Structures are given as C-alpha cells and as structure tokens.
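Engineer: My questions concern the predicted model and sequence given below.
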Amino acid sequence: MKRFFFLLALCIGPVTWAQNDPHFLNGFGYDYSIGVPRNNSGQLFIGNGLSYVPRYVFPVNENFSYGLGAPVGASLVQSLISGQSALGLNFALCGEVHAGMGATSASTKLLGGFFGIGFGSFNVTWFDLYGTTNDAHYGPYVQAGFRIPYYGQDVTIAVAHWQGLNPANGRSQVYAVKLIYELY
C-alpha cells in the first residue's frame, strides 16, 4: 500500500508544480446515447438528454493541462424493442488530459482536444403499471473529443463510453455523443 501512495505522489507531483494555478471550468449541452445489450435479456435503448460537464484542471502551460472531470447528465430514454420510456441518469469521475483550446481558461489556440478515463454509471429507470425497474450500467468510462470555435462560442464535441459490469442486465455498453457549450 505504501508503494501505491508513493507512485501516486510521483505521478501527481509534477501537476502540483504546474506554472499556473489550478482552476475550475465547466460546460453545458446535449447528449445522444445508445445502450447496447450483450445478450437478449437486456433492452436496446436510445436517449436524448442534457449534460453538465464540470472539470478541475491543473495547467502545465496555457495550452496543456491535466484535470479531473465529473460529467453528469439526465436523459429521456426509449427502448427500441418494447417502446417503453424511461429516465436515464449518468455520471462519471475521470482523469483527463487536455491540449489546445479549452485546456486552460488562458488558452489562445483555435482547436483543442482531450482524453479521459475513469469510472461511471448510466442508470436507466423504467416506468410501467407495476412500478419501476432500475438497470444500472456501471463500469469503466472513457471519453475523448475536440473543441472548436463556433460563432464566437467554444464548443466541445465528445464521444463517451460506459462499459457495463452489471451481469443482471447483460453487461450492456452505453455510447454517447455530446455537444457541449463551454462556459469559461
């Protein structure tokens, strides 16, 4: 255990000596998600929703940073098999690397990109006459994307993936495409 904390300190140490002070950035936007079951007992579903993407970044320079992101969202979900509607709630906690536009609030680049990996959950609550049923799609979370200027606003286009580990729902995988307006 001591070795783990020593290695963690060695990895995080350079971040604490970054040139600029750490700061908070966030964005708000739309996401389109698709849940794909690995077996016939799960339900294939699509969802349309809203996402809020807060992140805390540790700048290395004005165009490169490490960060910790916590994207959350809510969506209206519909089964493509039964047509049943549901409510989808998703969240994740991930370590990220940002370059170019949006890496820091001081970045002057016209294009940026990022990659993040962590753990997340996409919970779907199905409603019917007999009550509610909850399908938890939790497991490793990966996201990647790029940032571009669009009519004076910085816009992020991201792809996210939740790899389900819950055997009760067939270990479904959820994919999402997000369009996020940056609020910095």
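Structural biologist: Perfect, I can see it now. Numbers count the residues shown, from 1 in each chain.
Engineer: Spit out the contact partners of E182.
Structural biologist: By Cβ atoms under 8 Å, 6 or more residues apart in numbering, the residues touching E182 are 25-27, 102, 147, 153-156. (Glycine included, C-beta is placed from N, CA and C.)
Engineer: If you rank these by neighbours, which is first?
Structural biologist: Sorting these by how many neighbours each has (other Cβ atoms under 10 Å) puts G102 first, at 29 neighbours.
Engineer: ok, and the closest non-adjacent residue to F115?
Structural biologist: In space, and not counting its chain neighbours, F115 is closest to A144: 4.8 Å by Cβ to Cβ, 6 or more residues apart in numbering.
Engineer: Return the residues in contact with the one you found.
Structural biologist: Applying Cβ under 8 Å, 6+ apart, the residues contacting A144 are 113-116, 158-159.
Engineer: I'd like to know how far L76 sits from I46.
Structural biologist: According to Cβ to Cβ, to the nearest Å, L76 stands 10 Å off from I46.
Engineer: quick one on the thing from earlier: buried subset of the contacts of A144?
Structural biologist: Buried by 16 or more other Cβ atoms under 10 Å: 113-114, 116, 158, out of the contacts of A144.
Engineer: could you point out which element follows the longest strand anywhere in the chain?
Structural biologist: In terms of residue count, the longest strand belonging to the chain (DSSP state E) is strand 131-150. Later in the chain than strand 131-150, the nearest helix or strand by DSSP states H and E is strand 153-163.
Engineer: Show me the contact partners of that next one.
Structural biologist: Strand 153-163 has contacts (Cβ under 8 Å, 6+ apart) with 27, 29, 31, 53, 71, 90, 92, 101-102, 114, 120-122, 137-149, 173-182, 184.
Engineer: got the angle between that strand and strand 131-150?
Structural biologist: When axes from the mean of the first three to the mean of the last three Cα atoms, to 10 degrees is applied, the directions of strand 153-163 and strand 131-150 differ by 140 degrees.
Engineer: okay, and for this structure, where does confidence drop off?
Structural biologist: Residue ranges of the chain with pLDDT under 70: 1-20, 38-42, 168-170.
Engineer: circling back to that earlier point, and the buried ones among the contacts of A144, which of them are in strands?
Structural biologist: Among those, the members falling in strands (DSSP E) are 113-114, 116, 158.
Engineer: Which residues are in contact with V77?
Structural biologist: Shown in contact with V77 (Cβ under 8 Å, 6+ apart): 33, 35, 45-47, 85-88, 124.
Engineer: and of those, the nearest to T108?
Structural biologist: T108 lies nearest to S33 out of the contacts of V77, by Cβ to Cβ, at 33.3 Å.
Engineer: Surely the closest one forms part of a helix?
Structural biologist: No. Judged by DSSP: H, G, I helix; E, B strand; the rest coil, S33 forms no part of a helix; its state is strand.
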